[in-house]
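Peer 1: Based on what follows, work out the 3D shape:
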Amino acid sequence: MANLIVVCGPQAVGKMVVAESLRDKLHYNMMMNHDSIEMSDKIFGFNTPAQREFNAIFREKAFDLAVKHNVDLIFTYVTAFEMQEEHDYLMGLHDLFVKNGGNFYFVELSADLKTRLMRNETPYRMERKASKKDVEWSRNNLLRDTEKHRLNSDEGEVWFENHLKIDNTDLLPDQVADIVIKEYDLKVLDKSEKEYRFGV
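Peer 2: Numbering: from 1, shown residues only. Next up is the predicted model:
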């Protein structure tokens with residue numbers, strides 16, 4: 001059986017670094033939302049029909065293989081909470097893992113806009129995500145999506161049994177990871193580094 005941890009939240013909230021901390025502490029494998037985005041952009045161009053289709057196939061196949069081969073996985077994702085299709089997509093992931101004997105953990109991060117704008121321009125973020133190197137575009141995209149979508153759940157809104165909300169404005173990634181591990185009583189896997197973070 002395989003477990004899935006979804007680390008969710010708006011752009012530049014800190015999903016990647018929290019997920020990386022969880023990966024290193026738990027020895028889970030990790031897929032960023034940008035892993036499929038950057039790969040599909042590289043092959044098919046930015047936001048083309050082929051890119052969008054390949055991006056979806058990439059993720060779907062990764063989840064199916066994680067379940068098939070019992071690979072515990074961390075996935076980062078931006079959710080528009082006002083959209084029913086987003087709820088349906090995440091519920092589909094929940095059902096895929098739970099129905100195959102695993103667990104589904106939803107970790108929702110939030111931070112104030114000032115903090116997110118600052119984090120959006122960190123060298124490490126731009127190094128790991130090619131599309132963020134155009135700082136002006138990235139900043140405008142962040143601001144536009146913040147205005148257009150509800151990127152955090154409302155107070156009292158819970159989508160899953162395991163739905164943990166953390167304001168990480170003033171928390172380090174390791175602190176957030178420790179909160180998640182303690183809340184869900186997660187155990188470290190007995191895996192070599194090459195098995196969960198080869199080449200990273």
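
Peer 1: How far does stretch 62-78 stretch from one end to the other?
Peer 2: One end of stretch 62-78 to the other measures 18 Å (CA to CA, to the nearest Å).

Peer 1: Next: stretch 69-89.
Peer 2: First-to-last residue span, stretch 69-89, CA to CA: 22 Å.

Peer 1: In that stretch, which residues have enough neighbours to count as buried?
Peer 2: Val71, Asp72, Leu73, Ile74, Phe75, Thr76, Tyr77, Thr79, Phe81, Glu86 (16 or more other CB atoms under 10 Å). To be clear about C-beta, it is placed using only N, CA and C from the backbone, and glycine gets the same treatment.

Peer 1: Equivalent analysis for stretch 25-38, please.
Peer 2: Those buried within stretch 25-38 under the rule 16+ other CB under 10 Å are 26-38.

Peer 1: how distant is it from the center of its chain?
Peer 2: 7 Å (CA atoms, centre = their mean, to the nearest Å).

Peer 1: what does stretch 28-46 give?
Peer 2: 12 Å.

Peer 1: Report the mean confidence score over that stretch.
Peer 2: On average, the pLDDT along stretch 28-46 is 93.

Peer 1: Give me the contact list for it.
Peer 2: 3, 5, 15-16, 19-20, 22-23, 47, 50-52, 54-55, 58-59, 62, 66, 71-78, 128-131, 189, 195-197 (CB atoms under 8 Å, 6 or more residues apart in numbering).

Peer 1: which strands and helices sit next to the helix or strand hosting Glu20?
Peer 2: Under the criterion of DSSP states H and E, Glu20 resides in helix 15-26. Identification of packing neighbours for helix 15-26 by 3 or more CB pairs under 8 Å, 6 or more residues apart in numbering; DSSP states H and E yields strand 4-8, strand 29-31, strand 73-77, strand 104-110, helix 123-128, helix 173-184, helix 193-197.
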